[in-house]
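*Asks:* Give me a 3D structure for the following:
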Amino acid sequence: MSADRRAAPAAAPATVAAPPAAPATVAAAGGAQRDPAYTVERLERAQDLPRQVWDELAPADDPMWGRDVFTAMQRAEIGPDAYAYLLVREDGRPFALLPLSAVHGLRLDRVVGPRERRLMAPVARAFPRLVRVPMLFCGNFLGQGHVMGRGRLPAAAARLLVREVMDFARGHRLGTVVFKDFAPDGLDALRPGLDEQGFFTVASLPDTQLALGQPDFESYLASLPAKPRRNARNKIRKFHRQEDLRMEVLDEFGHLVPEMMGLYRQVMDRADQTLDVLDEAFVRALSDSKAGGAGGEDGDGQGQGQGQGDGDGEGARTEQRLVACFEGERLVGYLHCLFRGRGAVGARIGMDYGLAHRARLYHNLHYAAIELAIARGCRHIRFAQTAYEPKREFGCELVEQSYALNHTGRLPRTILRLLLPPALEAARAQALAPRS
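*Replies:* Sure, this is the predicted structure:
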């Protein structure tokens, strides 16, 4: 066990040689060509992979894949109760990494839509254990799914990796296995292993992404269609008419974490689905990581200072800013923004609903984050998988992604195939339906 959230015990590496048709080859002794050998080993913590190697493998422009995010998850209680990392080596060299998050008591009534939740409510009250299931999430519990890597995963490595995932699930009594929120090309690379193990896919909630490149915020507003542009200017005017409200961008905000959590809980109390609920330990660990890691948690002798935001993705670090709205000295809203390379994420939001409507707080926090991302030269900014209608108004595109699902038992797998897709599709349709 580590000092973080419970880590899975390390296992002996599994090994496989790629089949003759595998395209990747390396030179063997005497100039002959041979196929690379792939191994998979299990790491207990994100810190067990040196930061330089992590940064080489991680998506260069996705802030949710900074190592600081994963170390903060390990220290918090946001849903998973164990973490592990499957490291794929190609001829001994780190080639790819897949994070695993184990939830031994996932509340099903918290991840389905409102209609399904109402139907499950009597069962949840009378037999709470029946709506709790052990589940293994592959990828990023808080963001879009990826297999971190130096390139596309070869078929031999994909088969070995997915086999190791299923072995891990069986060994830890995690019946349901989910590759969470993977884009189509990410699942395609895993397809040889997914098909071999009997996975099936279901569309998940799409991400929302706004393409940037405008020279300034005014140019962004001018690029919007006429109606969203009028609405945006109207909402900005209404915010500025509010007495004693001001928007600030903070790079140090640890002292505000308790207030942030109160505002975040107001948002989560109104959420349709709550797979992950961040806690104060996570937000504080992430905010502390800017100062070089709390208590030397990094574990590899390297600090966790800010990246330079130069956009080349080489050794990029996750930077953070808090878009904060104050009424006098009281925090009344925030959007926690992360940056990596040329990508930005509006990760989590909190608001005081007592004034959110009259100040158009939701929209103005997002406008401030968009202005910040433009000023930093970001190519895009992503937002959460909620409130799709206003995000379409911001100009966001929907980024399609899917779950790949399986179960370690044959009969439960059959039942899962029958029952889960309709429930997830219904929840997705309801989330995407127009609200006005």
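
*Asks:* Would you indicate which residues of stretch 225-235 are buried?
*Replies:* Pro228, Arg229, Ala232, Lys235 (16 or more other CB atoms under 10 Å). Quick note: C-beta positions are derived from backbone N, CA and C, even for glycine.

*Asks:* Same check on stretch 171-188?
*Replies:* Neighbour-count burial for stretch 171-188 [16+ other CB under 10 Å]: His172, Leu174, Gly175, Thr176, Val177, Val178, Phe179, Lys180, Asp181, Phe182, Gly186, Leu187.

*Asks:* now the residues you listed as TSV including secondary structure and distance to Ile78?
*Replies:* Listed next are the buried residues of stretch 171-188 as TSV, based on DSSP: H, G, I helix; E, B strand; the rest coil; distance: CB to CB, whole Å:
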residue	secondary structure	distance to Ile78
His172	coil	19
Leu174	coil	17
Gly175	coil	21
Thr176	strand	19
Val177	strand	20
Val178	strand	16
Phe179	strand	19
Lys180	strand	14
Asp181	strand	16
Phe182	strand	20
Gly186	helix	23
Leu187	helix	25
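
*Asks:* Kindly tell me how buried Gly262 is, as a neighbour count.
*Replies:* 11 (other CB atoms under 10 Å).

*Asks:* tell me which element Tyr265 falls in.
*Replies:* Heads up, residue 265 is Arg, not Tyr. For Arg265, the element it lies in under DSSP states H and E is helix 257-268.

*Asks:* Now do that helix: which elements does it pack against?
*Replies:* helix 280-288, strand 330-340, strand 343-351 (3 or more CB pairs under 8 Å, 6 or more residues apart in numbering; DSSP states H and E).

*Asks:* Not counting its own residues, what contacts the next helix or strand after the first one?
*Replies:* Just to be clear, that refers to helix 280-288. Using DSSP H and E, the next helix or strand after helix 280-288 towards the C-terminus is strand 319-327. Applying CB atoms under 8 Å, 6 or more residues apart in numbering, the external contacts of strand 319-327 come out as 63, 244-251, 253, 256, 260, 286-287, 290, 306-307, 309, 331-340, 352, 355, 359, 361, 364-365, 368-369, 372.

*Asks:* and the angle for strand 319-327 with helix 280-288?
*Replies:* 110 degrees (axes from the mean of the first three to the mean of the last three CA atoms, to 10 degrees).

*Asks:* And strand 319-327, what's buried?
*Replies:* So, applying 16+ other CB under 10 Å, buried residues of strand 319-327: Glu319, Gln320, Arg321, Leu322, Val323, Ala324, Cys325, Phe326, Glu327.

*Asks:* farthest pair in the residues you listed?
*Replies:* Glu319 and Glu327 (27.1 Å; CB to CB).

*Asks:* Give the lowest-confidence helix or strand of the protein, using mean pLDDT as the measure.
*Replies:* Ranked by mean pLDDT, DSSP states H and E, the helix or strand of the chain with the weakest confidence is strand 26-27, at a mean of 36.

*Asks:* for the helix or strand just after that one, packing partners?
*Replies:* Of the helices and strands lying after strand 26-27 in sequence (DSSP H and E), the nearest is strand 33-34. Counting contacts by 3+ CB pairs under 8 Å, 6+ apart, strand 33-34 is packed against strand 26-27.
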